[in-house]
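Asker: no sequence on this one, just coordinates:
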């Protein structure tokens, strides 16, 4: 990519009065992240769960929107493009800080996300809130042969129940971790998670050849 934004890290923010604090660990970034709005947490879950997202940064800097300076909520890099994500409901004049970095919108698309879009993805983000702890807590604990074996087994749709039975000699938590890691990387799909809660009946399917 010829022109890219220079993002050095998240802009430091003071906790808004009365705001909740949401902390999590991002497997994609391999570091902790923190937000003061539930909507920002949900948008992060969408980015974290999207295998097309290579990397991102929360609160990357400031941008002029309607002639006012606003804090951008996320900078996101894909294989072929970059974008700046701004949650529409959070736009206000109160988030401007003269010391923050300025972002050049000419090198990245600006995407505004409405609260209705986040609400429509609530089942997906709720499921990823359940999935991500497996990836965080069990990092480095999945045996090397397990993931390829699961890929081979789910070359046709298989329920989580069947996957755990097939690999019952392994710790079921580690089996789930391997499976969810494949989902996180985009090698396995589970379309039901878009609309239904994760359960033993959720089906998973490989998205690439296993031969």
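Answerer: Sure, I can see it. The shown structure was predicted, so the numbers you read here are calculated from the model rather than taken from an experiment.

Asker: surely residue 160 is in contact with residue 201?
Answerer: Yes: in this structure residue 160 lies within contact range of residue 201 using CB atoms under 8 Å: 7.2 Å. For the C-beta atoms, the positions are set from N, CA and C on the backbone; glycine is no exception.

Asker: might one say that residue 60 is in contact with residue 77?
Answerer: No: between residue 60 and residue 77 there is no contact under CB under 8 Å: 10.7 Å.

Asker: so the two - more neighbours on which side?
Answerer: residue 60 (26 against 18; other CB atoms under 10 Å).

Asker: so what's the more buried one up against?
Answerer: Contacts for residue 60 (CB atoms under 8 Å, 6 or more residues apart in numbering) come out as 5, 7, 10, 11, 72, 74, 75, 84, 101, 103.

Asker: more crowded one of residue 160 and residue 201?
Answerer: Shown here are residue 160 and residue 201; by other CB under 10 Å, residue 160 has more neighbours (19 against 12).

Asker: need the pLDDT of that one.
Answerer: If you check residue 160, the pLDDT there is 98.

Asker: give me phi/psi at it?
Answerer: phi -60, psi -40 (degrees, to the nearest 10).

Asker: outside of the lengthiest helix in the chain itself, list whatever touches it.
Answerer: Across the chain, the longest stretch assigned as helix under DSSP state H is helix 122-137. With contact meaning CB under 8 Å, 6+ apart, helix 122-137 is reached by 24-25, 27, 42, 45-46, 48-49, 118, 173, 176-177, 180-181, 183-184, 193-198.

Asker: what residues sit buried inside it?
Answerer: Neighbour counts over helix 122-137 (16 or more other CB atoms under 10 Å) mark 124, 125, 127, 128, 131, 132, 134, 135 as buried.

Asker: now stretch 201-211
Answerer: 202, 203, 204, 206.

Asker: how far away is residue 160 from residue 62?
Answerer: When CB to CB, to the nearest Å is the yardstick, residue 160 and residue 62 sit 44 Å from each other.

Asker: coming back round to it: among the contacts of helix 122-137, which ones are buried?
Answerer: By neighbour count, with 16+ other CB under 10 Å, the contacts of helix 122-137 hold 24, 27, 42, 45-46, 48-49, 118, 176-177, 180-181, 183-184, 193, 198 as buried.

Asker: hmm, which two among the residues you listed are most spread apart?
Answerer: 118 and 177 (26.9 Å; CB to CB).

Asker: what sits against residue 115?
Answerer: For residue 115, the contact set (CB under 8 Å, 6+ apart) comprises 39, 87, 88, 89.

Asker: and the residue in the chain sticking out farthest from the centre, how far from residue 175?
Answerer: What lies farthest from the middle of the chain is residue 169; by CA atoms, centre = their mean that is 30.9 Å. Residue 169 sits 10 Å away from residue 175, going by CB to CB.

Asker: can you pull the buried residues of stretch 144-158?
Answerer: Residues of stretch 144-158 classed as buried: 146, 147, 149, 150, 151, 153, 154, 158 (neighbour count, 16+ other CB under 10 Å).

Asker: all good on my end, thank you.
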